[in-house]
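> Only the shape, not the letters, is given here:
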């Protein structure tokens, strides 16, 4: 698997650019910002760099100049844009817990919970639930920003998930006057001056600092046996490796209504794709031939039975014809028309039969009218799409029947 991992170099204010604001011209200006990126293959980092959205594809220098080269593209957002927390709720099954979750989360919010999108890891009764909460408007902004530059996103997660450590380990990510504190599935973005009061409450035996170091006063707030590790800022390989080695622990924001559509794979799998497509095509052709034959036989039997019933209702005193040819001769005799007498050299029965054979099983024949003088058959039928209308026209014309479409109107789910 070839992956592209992205995270903004700093927190971004993308402005009022939600999905609903797309009609306002002042909101349509694309926001170009810097990203740290890493490319990974087979679980290992193979390249890192920093680019803007507009130059990202060129800077990646991939053989196939398309983001479809990557099997997966993941974006990690700063903690400022979402709330990460852990909840444990009673419930017999996941469905009950999922329904109760919004009410439990709303207690810690200052706005209506309906304004927020809730993403969780797998919900298991009796186990804590890791939750990521982000405003619908905020998530729409990020998705639109990437779409403006034709960059697909298959996975969006919290940057704090990259910093999460095992139990008993706390991660501190320093960013100027702010510090992102991550511990045991929960994170908080605080001011640097507040860190001194937070440290004594952390039940950690190891502190991992990134982009900064603790002062002597701050270190004094920790247990004497606490281990402190310092890492340089912007160490992308180390940061992104957490996703490659433990992806299942990350909460993907693209859930529910935001599920990312499937994309085509990179060219490395093209041979397998073509082979699979060819095999699938053979199966489809064989299957379609069998189905078409079965359907034609079934349709013939149904139409024959229907025609005999209609004949019996029209001529109750006559004996019912046994075969289709017998029925055809009877009707031609009743109508006073035959193939030889017809101006166009085709009888009503032939014309009707060829017309019906051009329709599909789910096409609905609404009305039928035959003008003997003009040898003209008028039908009203409901089709699925306008394309189906073209198929029916082509099928009839290939059988030597002139077709004229008097009208074609779109209805709910069909074309009349």
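Nice, I can see it. Fair warning: this is a prediction, and the values are worked out from it, not measured in the lab.
> CA atoms for contacts and neighbours, from now on please.
Will do.
> residues contacting residue 7?
For residue 7, the contact set (CA atoms under 8 Å, 6 or more residues apart in numbering) comprises 35, 36, 37, 75, 76, 77, 159.
> Tell me which helix or strand the residue lying closest to the last one once chain neighbours are set aside sits in.
The shortest distance from residue 159 to any residue other than its chain neighbours is 4.8 Å, reached at residue 76 (CA to CA, 6 or more residues apart in numbering). Under the assignment given by DSSP states H and E, the secondary-structure element containing residue 76 is strand 72-77.
> That strand pairs with which strands, and in what direction?
Sheet pairing of strand 72-77 (DSSP bridges) gives strand 2-8 (parallel), strand 155-158 (parallel).
> Among these, which comes closest to residue 127?
Shortest distance between residue 127 and the strands paired with strand 72-77, using CA to CA, is found for strand 155-158: 21.0 Å.
> Touching the closest one from outside, list them.
The contact list for strand 155-158, computed with CA under 8 Å, 6+ apart, reads 72-79, 82, 132, 250-254, 260.
> any idea how this structure splits into domains?
For the chain, automatic domain parsing gives the domain ranges 2-163+235-265, 268-318, 337-416.
> just so I have it, where are all the helices in the stretch 1-150 of the chain?
Ranges of helices in the stretch 1-150 of the chain, per DSSP state H, counting those that start in this stretch, are 56-60, 94-106, 136-148.
> orientation of the last one relative to strand 72-77 in degrees?
In terms of direction (axes from the mean of the first three to the mean of the last three CA atoms, to 10 degrees), helix 136-148 departs from strand 72-77 by 130 degrees.
> re earlier: tabulate the contacts of residue 7 (TSV), appending pLDDT.
Below are the contacts of residue 7 laid out as TSV (pLDDT from 0 to 100):
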residue	pLDDT
35	88
36	88
37	90
75	93
76	90
77	89
159	81
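> Closest one to residue 366 out of those residues, please.
Lowest distance from residue 366 to the contacts of residue 7 (CA to CA) belongs to residue 75, with 53.2 Å.
> sorry, back to before: now flag whichever of the contacts of residue 7 is closest to residue 138.
residue 77 (10.9 Å).
> hey, what's that closest one bridged with?
Beta-bridge partners for residue 77, by DSSP bridges, are residue 158.
> For it, give its distance to residue 245.
From residue 77 across to residue 245, the span is 19 Å (CA to CA, to the nearest Å).
> Which of the domains of the chain has the highest mean neighbour count?
Highest mean neighbour count among those (mean count of other CA atoms under 10 Å): domain 2-163+235-265, with a mean of 16.
> List the contacts of the closest residue to residue 118 other than its chain neighbours.
Spatial nearest neighbour of residue 118, chain neighbours left out: residue 133 (4.8 Å); criterion: CA to CA, 6+ apart. The neighbours of residue 133, taking CA under 8 Å, 6+ apart as the test, are 82, 83, 84, 116, 117, 118, 119.
> Show me the helices in the stretch 201-350 of the chain, by range?
With DSSP H, counting those that start in this stretch as the criterion, the stretch 201-350 of the chain has helices spanning 216-219, 236-245, 270-314, 324-335, 348-357.
> Other residues contacting the shortest one?
What it means is helix 216-219. With CA under 8 Å, 6+ apart as the test, helix 216-219 has contacts from 195, 196, 199.
> and it, what's its mean pLDDT?
Taken as a whole, helix 216-219 has a mean pLDDT of 90.
> Next: stretch 173-192.
Stretch 173-192 comes out at a mean pLDDT of 81.
> just stretch 140-150 next, same as before
The average pLDDT within stretch 140-150 is 90.
> Could you do stretch 406-416 as well?
What stretch 406-416 shows for mean pLDDT is 68.
> Please report the separation between the first and final residues of it.
Stretch 406-416 has an end-to-end distance of 11 Å (CA to CA).
> I figured residue 205 hits residue 227, correct?
Yes: under the criterion of CA atoms under 8 Å, residue 205 makes contact with residue 227 at 6.3 Å.
> Of the two, which one has the most company?
Between residue 205 and residue 227, counting by other CA atoms under 10 Å, residue 205 is the more crowded of the two (16 against 13).
> what's the more buried one in contact with, if anything?
168, 169, 223, 225, 226, 227.
> Verify the contact between residue 80 and residue 189 for me.
Yes: at 6.8 Å, residue 80 counts as touching residue 189 under the criterion of CA under 8 Å.
> Residue 390: which of the contacts of strand 155-158 is nearest?
So of the contacts of strand 155-158, ranked by how close each gets to residue 390 (CA to CA), first place is residue 260, at 33.9 Å.
> Pull the contacting residues for the closest one.
Going by CA under 8 Å, 6+ apart, residue 260 touches 153, 154, 155, 254.
> try 6 Å this time
Residue 260 makes contacts with residue 154, as judged by CA atoms under 6 Å, 6 or more residues apart in numbering.
> do you know how far it is from residue 252?
Residue 260 sits 10 Å away from residue 252, going by CA to CA.
> repeat for residue 39
Using CA to CA, we find residue 39 at a distance of 19 Å from residue 252.
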